[in-house]
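Chemist: Pasting the sequence and the predicted coordinates here, then a few questions.
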Amino acid sequence: MTSAIDTSIPVDTGDWCGADPFAPNFRDDPYPSLHALRARDPVNLTPVNTWRISRYDDVATIFRKAKTSQTLADGTAPNFDPLDTRGSFLEFMLNMDDPEHQRLRRLAMQSLGPNTVRQMEDEVKKTVEQTLDKALAQGGMEIIQDMAHLVPSRMVCQIMGIPESDRELFNEWTGARTNAFFARFLPPDVQQRTRDAGNAMADYFENLVRERRGNLGNDLISALIRAEAEGDKLRDGELVVQAIGIIVAGYETTIGLIGNGTRAFLDHPEQLALLREDPGLINNAIEECLRYDTPILFNWRVLQEPFEVSGKILPADAVLWMMLGSANRDPARFPEPDRFDIRRRDVAHQAFGGGVHFCLGNALARMEARHAIGQFALRTKGIEIRQGKLEWSHSFFRVMAQLPITFH
């Protein structure tokens, strides 16, 4: 057993147990293989020398109690492509430890906190209403592009100060860029596409930062620039990395939440009927969507000191892959975990991670999904909905590229 990833080549140290997250068909339906993994080897040493933690209680315990970092003891990132240096997520707040993490998170929260959620809610409502008006008039819609993508992309671009005319530029960039989080394990063509997206986004935000320095506005980029005057100076490169990371997170995870959540309702029409009958269930329904089919199946932590997990002592510098999708379907925590039930009690899912890196945009994502899915349910009452062919995106996250539906 070694204590850290060998960053040269993968080594055959463990077993995927039939649940290889990099296999082409894994994303189609990962849950049967995650069930088998959790039952067979819940603290699993993989062939690439990382540890997968798949039980709910183990994941929760590590988030609460283990002393962890986002990087190895030598400061390198365990999952990143070492050739991907421009706009690298190595300096993104998600990959940093305190106090740097808290400094950057505090600055970002100025534009992503509760005040922003309240301010953006009317715009979300209007966008959803216009989208559904058009869909009902046309007799159908493409769920991902027309709703799941449109709502969060429009909101995050407004928050960051990106002109509406430039919003479409990020359609391909953000999906490709999610692969940076685990790029070391991906094929060369995916790695190159990820680097190209990083370069394009870095070019864009370097130009936008220069513009904002001469013309500050009421947006996140301007807020980060203003922080310099208050003693929280950000280097240009550091500011650009935060901008790239925030827009990737703001786009892709909420696309997954709205898209996967809507699909869950389409696959379970009795639950869709239940929400129509009782719209007050929408908050619990969103939590059940997050539990049932989370957009991020796993994230990572690095142990800073040995820690016992289900009887195994994992060494310092061990890289842990926290299997959020598996934890959310753990039968020891959730009765009938494969059942989609919007009246489920105590939906304490792990979809937003845990500890100090708990998703800072969770309130915004929940609000957007609440209006998108809630209004979709109400406005399509009494209408038969037929699904077309599902396609997955290039995103590393569990995000669809398209899901057309027709109304009859």
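Modeler: On my side now, so go ahead.

Chemist: What segments of the chain are strands?
Modeler: 43-45, 51-53, 68-69, 140-142, 299-303, 307-309, 312-314, 319-322, 385-387, 391-392, 400-402, 404-407 (DSSP state E).

Chemist: Okay, buried residues for the lengthiest helix in the chain please.
Modeler: The longest helix of the chain (DSSP state H) is helix 236-267. Neighbour-count burial for helix 236-267, counted by 16 or more other CB atoms under 10 Å, picks out 238-266. All C-beta atoms are positioned from the backbone trio N, CA, C, and that covers glycine.

Chemist: and that helix, average pLDDT?
Modeler: Mean per-residue pLDDT for helix 236-267: 89.

Chemist: Stretch 98-112 too?
Modeler: 77.

Chemist: Mind putting the strands of the chain into a markdown table with distance to Arg106?
Modeler: What follows is the strands of the chain, written out as a markdown table (distance: least, CB to CB, whole Å):
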| stretch | distance to Arg106 |
| --- | --- |
| strand 43-45 | 34 |
| strand 51-53 | 29 |
| strand 68-69 | 19 |
| strand 140-142 | 38 |
| strand 299-303 | 21 |
| strand 307-309 | 28 |
| strand 312-314 | 31 |
| strand 319-322 | 24 |
| strand 385-387 | 43 |
| strand 391-392 | 35 |
| strand 400-402 | 34 |
| strand 404-407 | 41 |
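
Chemist: Could you count how many residues lie near Glu168?
Modeler: Counted by other CB atoms under 10 Å, the residues lying close to Glu168 total 10.

Chemist: Likewise for Arg38?
Modeler: Arg38 has 25 nearby residues by other CB under 10 Å.

Chemist: Would you check that it makes contact with Arg55?
Modeler: Yes - the criterion here is CB atoms under 8 Å, and Arg38 meets it with Arg55 at 6.0 Å.

Chemist: Identify the contacts common to those two.
Modeler: Ser326, Asp330 (CB atoms under 8 Å, 6 or more residues apart in numbering).

Chemist: Let me know the distance separating Ala327 from Leu34.
Modeler: 9 Å (CB to CB, to the nearest Å).

Chemist: Between the two, tell me which one has more neighbours.
Modeler: Neighbour count, other CB under 10 Å: between Ala327 and Leu34, Ala327 has more, with 29 against 26.

Chemist: quick one: pLDDT of Gly280?
Modeler: 98.

Chemist: check contacts around the most centrally placed residue in the chain.
Modeler: Taking CA atoms, centre = their mean, the centroid of the chain lies closest to Thr253, which sits 3.5 Å from it. When contacts are counted by CB under 8 Å, 6+ apart, Thr253 is found next to Pro295, Ile296, Cys359, Gly361, Ala365, Phe397.
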